[in-house]
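Q: A predicted structure for the sequence below; I have some questions about it.
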Amino acid sequence: MGNKAYLVLENGKVFCGEAFGAAGEVTAEVVFTTGMTGYLETLTDKSYFGQIVVQTFPLIGNYGVIPSDFEGNMIGPRGYIVKEWCQSPSNFRSEGDLDTFFKARGVVGLCGIDTRALTKIIRESGVMNGMITTDPANVDFDQLRAYRVEKAVESTSVKEIERHTNPNKTVTVALMDYGMKENIRRKLEKFGAEVIICPYNTTAEQIRALGVDGIMLSNGPGDPADNPEVIRNLQEIMQLNIPLFGICLGHQLLALANGFKTEKLKYGHRGANQPVKNLETGRVYISSQNHGYAVVSSSIDREIASEYFINVNDKTCEGIRYKKIPAFSVQFHPEACGGPCDTSFLFETFFDMMKKS
Ligand SMILES: NC(=O)CC[C@H](N)C(=O)O
């Protein structure tokens, strides 16, 4: 039995459970994800930086810890909540259990709470802040409500340009790292790109000097509108007229750079079975998603762009195609990991654009 620990929500609701992983207290935004697998990818996805993740699937950790499945070199979420973690994982690739891994990497875990009741609260009231603590009587609610993640992109991006040589190279792609998932790089390499990972603040001039065929804008954490300098920088990068492909945060930043607006969703889309519809063909795909913000459809200037995908559940914007620059972007994750690979063809679209230009 672990020690008693609590989740205190900013609305005053308290859940009592057991601590696992590293000891400590964390305050962050509490979000839920419905993926039934892919917990290692979730734990190492930097888009969760500054959040506490709740897994709706009731048993997590049954295939253990597999470092080659990691999506990044750091742990994304600040805290992690599950109904039950598996003490005896079984998989030939597993190198250990979640509790040991969390202790080594400083992740604060909470288990044994009713994650279904917690998810219903978030779904009905919207995402809110919460604190994992051993002392619920001492929570400062003003501080809890005021918590907001800061410098999210800066904290998760690489600090220097990194070139990854590829013997099968047919094109070179600059991957703007806003807190990227590794599978974006792996996917680009598989399709034949030599990838140059660029810090979030790499300028248009520096990119021009790299002589790349395409630019990929990565996923990443936080509120997209919190990055005015990155958005200004993107306005210059757009002028290079090099094919651009944006994923998730990259999609939102490109929209902001074009003067469109973003908004916070009530509880976001996080999971591996989000249906998206291609508005050009009417075809629906199942996608992997992890986002709390979205581009406001009505703010898209139809002279310069059109809506490419929408979410079938709530009709929010899931993709944009640009008319005056060689660019398109999606809110979901075509690189998957975890989740289905239905929309992997978008990488082909990007490669076709690069080869044509
Ligand atoms: N996965 C992402 O890139 C997420 C983008 C942004 N942080 C959001 O929550 O909407």
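A: Yes, it's here. Residues are numbered from 1 along each chain as shown.
Q: what about Pro89, helix or strand, and which?
A: If you go by DSSP states H and E, Pro89 is not part of any helix or strand.
Q: tell me how many other residues crowd the nearest residue to it once chain neighbours are set aside.
A: Spatial nearest neighbour of Pro89, excluding adjacent residues (C-beta to C-beta, 6 or more residues apart in numbering): Gly64 at 3.3 Å. Glycine gets a C-beta too; all of them are placed from N, C-alpha and C. Using other C-beta atoms under 10 Å, Gly64 has 20 other residues around it.
Q: which stretches of the protein have low pLDDT?
A: Scanning the chain for pLDDT under 70 picks out the ranges 1.
Q: centroid-nearest residue for it?
A: Ser47 (3.4 Å; C-alpha atoms, centre = their mean).
Q: from memory it sits against Gly292, does it?
A: No. Using C-beta atoms under 8 Å, Ser47 is not in contact with Gly292, being 9.2 Å away.
Q: could you export stretch 47-55 as PDB, keeping only the C-alpha atoms?
A: C-alpha atoms of stretch 47-55 as PDB (Å, rounded to 0.1, in the frame of the first residue of the first chain):
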ATOM      1  CA  SER A  47       2.600  18.700 -25.300                       C
ATOM      2  CA  TYR A  48       1.500  17.700 -21.800                       C
ATOM      3  CA  PHE A  49       4.200  19.900 -20.200                       C
ATOM      4  CA  GLY A  50       2.600  21.700 -17.200                       C
ATOM      5  CA  GLN A  51      -0.400  19.400 -17.000                       C
ATOM      6  CA  ILE A  52      -1.600  16.500 -14.800                       C
ATOM      7  CA  VAL A  53      -2.800  13.700 -17.000                       C
ATOM      8  CA  VAL A  54      -5.700  11.400 -16.000                       C
ATOM      9  CA  GLN A  55      -6.000   8.100 -17.900                       C
END
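Q: begin at 17 from now on, thanks
A: Sure thing, new numbering starts at 17, so read that last one as stretch 63-71.
Q: contact partners for the spatially closest residue to Ser313 that is not a sequence neighbour?
A: Leaving aside its chain neighbours, Ser313 sits nearest to Cys333 (4.6 Å; criterion: C-beta to C-beta, 6+ apart). By C-beta atoms under 8 Å, 6 or more residues apart in numbering, the residues touching Cys333 are Ala310, Val311, Val312, Ser313, Ile316, Glu323, Phe325, Ile326, Asn327, Gln347.
Q: which member of those is positioned nearest the ligand?
A: Ala310 (7.0 Å; C-beta to the nearest ligand atom).
Q: give me the helices and strands touching the strand or helix carrying that closest one, please.
A: According to DSSP H and E, Ala310 maps onto strand 300-311. Contacts defined by 3 or more C-beta pairs under 8 Å, 6 or more residues apart in numbering; DSSP states H and E place strand 300-311 against strand 42-49, helix 265-273, strand 278-294, strand 333-338.
Q: need these in JSON lines with distance to the ligand, can you?
A: JSON lines is the format used below for the helices and strands packed on strand 300-311 (distance: least, C-beta to the nearest ligand atom, whole Å):
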{"stretch": "strand 42-49", "distance to the ligand": "8"}
{"stretch": "helix 265-273", "distance to the ligand": "4"}
{"stretch": "strand 278-294", "distance to the ligand": "6"}
{"stretch": "strand 333-338", "distance to the ligand": "12"}
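Q: relative to strand 278-294, how tilted is the strand holding Ala310?
A: Here strand 300-311 runs at 170 degrees with respect to strand 278-294, directions being taken by axes from the mean of the first three to the mean of the last three C-alpha atoms, to 10 degrees.
Q: quick one: is strand 300-311 near the ligand?
A: Yes. Contact of strand 300-311 with the ligand (C-beta under 6 Å from any ligand atom) involves Asn306, His307, Gly308, Tyr309.
Q: most surrounded residue in the residues you listed?
A: In those, the most neighbours by other C-beta under 10 Å go to Asn306, 30 neighbours.
Q: any idea how far Gly284 is from it?
A: 8 Å (C-beta to C-beta, to the nearest Å).
Q: repeat for Asn243
A: Counting by C-beta to C-beta - Asn243 and Gly284 are separated by 18 Å.
Q: who has more neighbours out of the two?
A: It is Asn243, of Asn243 and Gly284, that has more neighbours when counted by other C-beta under 10 Å, with 24 against 21.
Q: return the distance of that one relative to Asp193.
A: With C-beta to C-beta as the criterion, Asn243 and Asp193 are 13 Å apart.
Q: need the residues touching each of these two.
A: With C-beta under 8 Å, 6+ apart, Asn243 and Asp193 have common neighbours Tyr216.
Q: strands of the stretch 167-316 of the chain, start to end?
A: Using DSSP state E, counting those that start in this stretch, the strands of the stretch 167-316 of the chain run over 178-180, 187-193, 209-215, 230-233, 260-263, 278-294, 300-311.
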